[in-house]
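Asker: show me how the following folds:
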Amino acid sequence: MIERAVEEVVKFSEKTGLHRKRVLILFSGGKDSSLALYLLREAGLDVSALTFFHRWSWREPLSRAMGFTRRLGVDHFLIDITDGLLREAVGRKGPVCINCKRVMLWNAKWFALNNGFEVIAKGDNANDKVVGALLDRCREPRLCELPKMGLPIFRPLIGYTAREVEELAEEAGVRPYRMYEHGRRRQWREGCPLQYIEGEETVSVELMDLSYRVNHEISRLARRRKVRMSVRVPSFEIMCWNCDGETLEEAERIVSRFRRV
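Answerer: Take a look at the predicted model:
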């Protein structure tokens, strides 16, 4: 299956001329972006990786991601977006992720343009919300030019479901570091702890710090118990898949320490 996926990238890149262009992949180190990078590298494309991080990013997955790009022999650029995130998110309500994505896309565009990259790649798959918009806007969802970006976006996984991506990643030996977050729809879709700040709250540095600290502690418990768990702040609601009573009791003890702070 993985060989067929690589061959599809080879054929598509030759058909569209991607094999003659410099590609910059937005690389979180998660399963989707890791598999996308693997496919592009195996297909012989001139690809480099770009990872954004900030003060509240998980450190453990970043270390694993850097090791992955070293093994592939891919240039890997890291950009700290803490200042931009603070500027866009603090004092506003709503999910931090929306403002963070805005900062990342802006930085990705200008980094690519200023460093001679001609295409941006992403790890979106067929289960992501972007699919509907792409079908409305682009005849070929794998390679779509967005006016705001000024560069074509290549999505090598857009034709694969989340389950198929899991199977391909397993076959390719792609094994990202898991924080054992609660995720969404039971998929291994992890991100950063700031996503657990509740949407009706006005974002502050204090809330960002709290979300990182409590969720880092909870992730250690989740990893030990092999369950998936996160905590919403400031309500301290514990979200968990398949937690037993003992695990929830231990989680409550952890959370209670932060309630008293």
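
Asker: partner strands of the helix or strand containing Thr51, parallel or antiparallel?
Answerer: Assigned by DSSP states H and E, Thr51 belongs to strand 46-53. According to DSSP bridges, strand 46-53 has the following sheet partners: strand 22-26 (parallel), strand 76-80 (parallel).

Asker: most neighbours per residue, which of the ones you listed?
Answerer: Of all these, strand 22-26 has the most neighbours on average by mean count of other C-beta atoms under 10 Å, namely a mean of 22. C-beta: built from backbone N, CA, C; applies to glycine.

Asker: which is the next helix or strand following the helix or strand of the chain with the lowest mean pLDDT?
Answerer: Here the helix or strand of the chain ranked lowest by mean pLDDT, DSSP states H and E is helix 130-137, holding a mean of 54. Tracing the chain past helix 130-137, the next element assigned as helix or strand by DSSP H and E is strand 143-146.

Asker: show me what that next one is in contact with.
Answerer: If you take C-beta atoms under 8 Å, 6 or more residues apart in numbering as the criterion, strand 143-146 is touched by Phe12, Thr16, Leu18, Leu134, Arg137, Cys138, Leu151, Pro152, Ile153, Phe154, Arg155.

Asker: tell me the mean pLDDT over that strand?
Answerer: For strand 143-146, mean pLDDT rounds to 84.

Asker: what's the average pLDDT for the following helix or strand past it?
Answerer: On the C-terminal side of strand 143-146, the closest following helix or strand by DSSP H and E is strand 151-154. Across strand 151-154, pLDDT averages out at 93.

Asker: same for the following helix or strand past strand 151-154, what does it pack against?
Answerer: Once strand 151-154 ends, the next helix or strand along the chain (criterion: DSSP H and E) is helix 162-172. Using 3 or more C-beta pairs under 8 Å, 6 or more residues apart in numbering; DSSP states H and E as the contact test, the elements touching helix 162-172 are helix 2-16, helix 31-42.

Asker: chain center to the strand holding Thr51: distance?
Answerer: Using C-alpha atoms, centre = their mean, to the nearest Å, the mean C-alpha position of strand 46-53 is found 12 Å from that of the whole chain.

Asker: any chance you could list what contacts it?
Answerer: So strand 46-53 is in contact with 21-29, 37, 40-41, 62, 65, 69, 74-81, 103-104, 107-108, 111-112, 117, 121, going by C-beta under 8 Å, 6+ apart.

Asker: repeat that for 7 Å
Answerer: With contacts defined as C-beta atoms under 7 Å, 6 or more residues apart in numbering, strand 46-53 is touched by 22-29, 37, 40-41, 62, 65, 69, 74-81, 104, 107-108, 111, 121.

Asker: now do the buried residues in the helix or strand just after that strand.
Answerer: Scanning forward in sequence from strand 46-53 by DSSP H and E, the next helix or strand is helix 59-72. For helix 59-72, a neighbour-count test (16 or more other C-beta atoms under 10 Å) marks Pro61, Leu62, Ala65, Phe68, Thr69, Leu72 as buried.
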